[in-house]
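Asks: 3D model of this:
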Amino acid sequence: MHDDDYTAKMTELIELMRIIGNDTQLCEVKESKRKLSSSITDTLSAFSNGSGGYIILGLSEKAGFTPVEGFNARSMQEALSQACEKMTPVVRPTIMTCPFEGSNLVFAQIDEMLPRDKPCFVTTLGAYSGSFIRTGDGDRRMTGYEVERLMEEHAQPAYDAEMVQDATIDDLNPALVHGLLERQREAHPNVFKGHGDSEMLRELRILALDSADEHDDEDIDPTFSQLRPTLGALLALGRYPQQFYPRLNVTIAVFPGTSRAEVFAQGGHLVAAESITGPIPVMIDDAVESLMTWTAGPTGTDSSSEGTHPPDYPRSVLREAIANALMHRDYSPHARGTQVRVNVFTNRIEVINPGGLYGTVTHNTLVNPISPSTRNQFLVAILEATPYPDGGYVIENGGSGYQQIEAALRIQGMEPADIEHTIDSFKLTINHRRAFDDMTDKNYAQRIVKLLEERPSASVRDIMLELHLSPIAVATGLRALLNKGLVESINEQPRPQKQYRLLR
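Replies: Numbering: from 1, shown residues only. Got it, this is the predicted structure:
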């Protein structure tokens, strides 16, 4: 940016803080009239460990974010530069002196550090006492767990290559294993020429030799009975990985509204809650099918032909989002009790997985990373050759999943996906297709009422077909009408489906 751009950005931030009355997640203000606040190093650490941020010196929050009289911008700029040297790694922000309302302020932009360089901490305090993270408008000391998770990023994790002690080769799906071996032999004929199945499976980190069964003679080829699946192999190729890791699955929660609070604060209930299990290829397929069922209307299709409506969410986007979450999630022992969660609201779908961004990927470089990084390198290598039950392979885009999602949404004329990430979680939000801007929760109910005024009763399927609504939209509207006592459910024989009618 040019100097004028920094001044404009600073002015924009100050105007926002004047409106809301305090600092923000992205901006910290210090008066620094006579000396630099000792807590400035906490803020440097917090912004470096988070998504970056801005510091403004010479502005008084108490006086309504107005310039401090007698502020010496030159000396405070030097003091801030010296504070940056007290950090490990050293922080290298852009520091400018910018004019504002007749005074000069110090404006600094602190970029997020690469995950491999985190945590950034106050050198004299050490990593565990001197590492901070931004929370709201303040800086919070990081927990030991958070610090350890960041330190793990300094070396390539290998949790996906760990042998699962209680598993055997019989716990792998033979069809998936066969498909993978055929794919690898076809793709790399010279590499695997003359290699037997047992040898290939060890080389691909699908099976590992149990140390209790190791022989002194390394030339003896172990039998399958002496080999056990790795974690990555069970996840990609297992018959039922949840036998060993019950929480390494996908959960889907369908909400009749736009927020959790809206449902639970009123003593309401979910429209549906599902647990998706199996190996990763099966979980992806089953999760996508479930999401399409709940969000697509009866005529939902990717076709743009007359008389049809496109689905609320493109199938390819949902598939990529679920695959990315399962592929890039944290599989460390501390995270194995946490599932991939999918929250379905009437205006969006959230896909949340344990584990933040990894390696050289930051929030700013996610769309176009300089060099893509892979947390689970062995799992990803296996998934590149793991077949879907209905054809194709789990990974076919070379690891550019997020770019694929953005491109698909852009082609469909939909809003870009929203990203939120912390040290231990990543959330991708896909916004509802805005084809019908007036389809609020209230509008769903109004349209159902109008339909029921014209007929004695109707089932959920009848409403879906007549109004071209998705199941979640119908459930949302009916729940609102039932709660207000405007509609009642009845069972009319011999009709098998529950009927709904207006209370007159």
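Asks: Okay, buried residues for the helix or strand of the chain with the lowest mean pLDDT please.
Replies: The weakest-scoring helix or strand in the chain, judged by mean pLDDT, DSSP states H and E, is helix 260-264 (a mean of 73). Across helix 260-264, burial judged by 16 or more other Cβ atoms under 10 Å covers residue 263. Placement of C-beta: from N, CA and C, glycine included.
Asks: Who are the contact partners of residue 249?
Replies: By Cβ atoms under 8 Å, 6 or more residues apart in numbering, the contact list for residue 249 reads 242, 275-277, 283, 339-340.
Asks: now residue 279
Replies: By Cβ under 8 Å, 6+ apart, the residues touching residue 279 are 173, 176, 234-239, 241.
Asks: burial measure for the closest residue to residue 117 other than its chain neighbours, as a count.
Replies: Closest residue to residue 117 apart from its sequence neighbours, by Cβ to Cβ, 6 or more residues apart in numbering: residue 89 at 5.3 Å. Per other Cβ atoms under 10 Å, the neighbour tally for residue 89 reads 14.
Asks: Test for you: state the pLDDT assigned to residue 89.
Replies: For residue 89, the model assigns a pLDDT of 96.
Asks: mind listing what it touches?
Replies: The contact partners of residue 89, taken as Cβ under 8 Å, 6+ apart, are 113, 117, 120.
Asks: domain assignment for this structure?
Replies: 3-152, 160-242, 244-431, 441-502 (automatic domain parsing).
Asks: Ends of the first one, what's the gap?
Replies: With Cα to Cα, to the nearest Å as the measure, the first residue of domain 3-152 is 38 Å from its last.
Asks: i'd like the first residue to be 148 from this point on
Replies: Sure thing, new numbering starts at 148, so read that last one as domain 150-299.
Asks: That domain: how far from the chain's middle?
Replies: 27 Å (Cα atoms, centre = their mean, to the nearest Å).
Asks: Over to the shortest one?
Replies: The gap between where domain 588-649 is centred and where its chain is centred comes out at 34 Å by Cα atoms, centre = their mean.
Asks: Tell me which helix or strand residue 612 sits in.
Replies: helix 607-614 (DSSP states H and E).
Asks: Could you check that helix and say which residues are buried?
Replies: 607, 609-611, 614.
Asks: next helix or strand past the helix ranked longest in the chain?
Replies: Counting residues, the longest helix in the chain under DSSP state H turns out to be helix 150-167. Heading C-terminal from helix 150-167, the first helix or strand you meet, by DSSP H and E, is strand 174-177.
Asks: didn't residue 437 look like it was pressed against residue 421?
Replies: Yes - counting by Cβ atoms under 8 Å, residue 437 touches residue 421, with 5.8 Å between them.
Asks: helices and strands around the helix or strand hosting residue 550, which ones?
Replies: In the assignment (DSSP H and E), residue 550 maps to helix 548-558. Counting contacts by 3 or more Cβ pairs under 8 Å, 6 or more residues apart in numbering; DSSP states H and E, helix 548-558 packs against helix 462-475, strand 572-578.
Asks: And the strands in the stretch 298-447 of the chain, which stretches?
Replies: In the stretch 298-447 of the chain, the strands defined using DSSP state E, counting those that start in this stretch lie at 354-356, 374-376, 397-401, 419-423.
Asks: Can you get me the centre-to-centre distance for the second one and its chain?
Replies: For strand 374-376, the separation from the chain centroid amounts to 31 Å (computed by Cα atoms, centre = their mean).
Asks: wait, what's in contact with residue 186?
Replies: By Cβ under 8 Å, 6+ apart, the contact set of residue 186 is residue 286.
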